[in-house]
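Novice: For reference, the sequence and a predicted model appear below.
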Amino acid sequence: VQLVESGGGLVQPGGSLRLSCAASGFTFRSYAMNWYRQAPGKERESVAGVNSAGEFTKYVESVKGRFTISRDNSKKTVYLQMNSLKSEDTAVYYCQAVYCPDNVCYPGREYWGQGTQVTVSS
């Protein structure tokens, strides 16, 4: 099982990045996918999520209107489009897969990626 994030980097405030998380080794279409982030000295927080079929999404209040989560089940990849980035978005971003067949989720049956660094700075 692998979740491999990519797309992080250094960007100026107001800029954009698109993160990708490529999955392998499990039935991607049966898993809800989430993006989390962890800034230095802070707890990991949930940023955005999408259900297994890509019908429903959720966002933490601080990123609503700026971030968009999407998934391509044919490519076994989930994306996080981040626009209007702010310095407070600086963090390591992780993707998480949670087993949720037919939208019934089983906490504990989950996988995590290794994370990708996003730094927003001028």
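Specialist: Cool, got the structure.

Novice: Now stretch 70-86: buried residues?
Specialist: Of all the residues in stretch 70-86, those buried under the rule 16 or more other C-beta atoms under 10 Å are 71, 73, 76-80, 82, 85. Where you see a C-beta, it was placed from the backbone N, CA and C, and this is true even at glycine.

Novice: of these, closest to residue 102?
Specialist: Nearest to residue 102 out of the buried residues of stretch 70-86 is residue 73 (C-beta to C-beta; 14.5 Å).

Novice: Next one: the closest one from residue 115, what distance?
Specialist: Counting by C-beta to C-beta, to the nearest Å, the gap from residue 73 to residue 115 is 23 Å.

Novice: Quick check: nearest residue in space to residue 6, chain neighbours excluded?
Specialist: Spatial nearest neighbour of residue 6, excluding adjacent residues (C-beta to C-beta, 6 or more residues apart in numbering): residue 20 at 5.1 Å.

Novice: Would you map the helices across the protein?
Specialist: Secondary structure of the chain (DSSP state H): no helices located.

Novice: can you pull out the strands in it?
Specialist: With strands called from DSSP state E, the chain shows them at 2-6, 9-11, 17-24, 31-38, 45-50, 57-59, 67-72, 77-82, 91-99, 110-112, 116-120.

Novice: Name the residues that touch the first one?
Specialist: To tie it back to what came earlier, the one meant is strand 2-6. 19-25, 93-97, 111-116 (C-beta atoms under 8 Å, 6 or more residues apart in numbering).

Novice: Residue 94 reaches residue 33, doesn't it?
Specialist: No. Applying C-beta atoms under 8 Å as the test, residue 94 and residue 33 come out as separate, 11.2 Å apart.

Novice: measure residue 21 to residue 53 for me?
Specialist: For residue 21, the distance to residue 53 equals 17 Å [C-beta to C-beta].

Novice: what about these two, which has more around it?
Specialist: Legend: neighbour count by other C-beta atoms under 10 Å for residue 21 and residue 53, higher for residue 21 (25 against 14).

Novice: Excluding covalently adjacent residues, which one is nearest to that one?
Specialist: Leaving aside its chain neighbours, residue 21 sits nearest to residue 95 (3.5 Å; criterion: C-beta to C-beta, 6+ apart).
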